[in-house]
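A.B. asks: how would this look folded up:
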Amino acid sequence: MREGVDLLGEDWTITRADGQTRAILISTTIFAKDEDAVHVLAVVQDISDRKRAEDTLRESEERFRVLFENAPDA
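C.D. replies: From the prediction side, this is the model:
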């Protein structure tokens, strides 16, 4: 953003003031520039639950893939 480039759906990991880590999806766009200020619209979405679900699914798929590959032939 400092270089005038919009952020489009970037995944960031942040640490809240209470120390908790969260995954967020952020998009920004510069929509006005004045002499003294730059006006930015930012949309931030907490995607921590989605990331956890994706990780859980990936781990499950890996476990079943390993079981399948190591299963004796019938």
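
A.B. asks: contacting residues around the residue nearest the centre of the chain?
C.D. replies: The residue lying closest to the centre of the chain (CA atoms, centre = their mean) is Asp11, at 3.1 Å. Residues near Asp11 by CB atoms under 8 Å, 6 or more residues apart in numbering: Ala23, Ile24, Leu25, Ile47. All C-beta spots, glycine's among them, are computed from the backbone N, C-alpha and C.

A.B. asks: tell me if the second one really is in a strand.
C.D. replies: Yes: when the secondary structure is assigned by DSSP: H, G, I helix; E, B strand; the rest coil, Ile24 falls within a strand.

A.B. asks: so how far is Leu7 from it?
C.D. replies: Here the distance between Ile24 and Leu7 works out to 11 Å (CB to CB, to the nearest Å).

A.B. asks: then Leu67?
C.D. replies: 41 Å.

A.B. asks: between the two, which one's more packed in?
C.D. replies: Leu7 (15 against 9; other CB atoms under 10 Å).

A.B. asks: the more buried one against Ile30, yeah?
C.D. replies: No: assessed by CB atoms under 8 Å, Leu7 is found out of contact with Ile30, at 10.3 Å.

A.B. asks: so for stretch 52-61, what's the average pLDDT?
C.D. replies: Stretch 52-61 shows a mean pLDDT of 96.

A.B. asks: then stretch 25-34?
C.D. replies: 89.

A.B. asks: contacts for it?
C.D. replies: 1, 4, 6-12, 38-45, 47.
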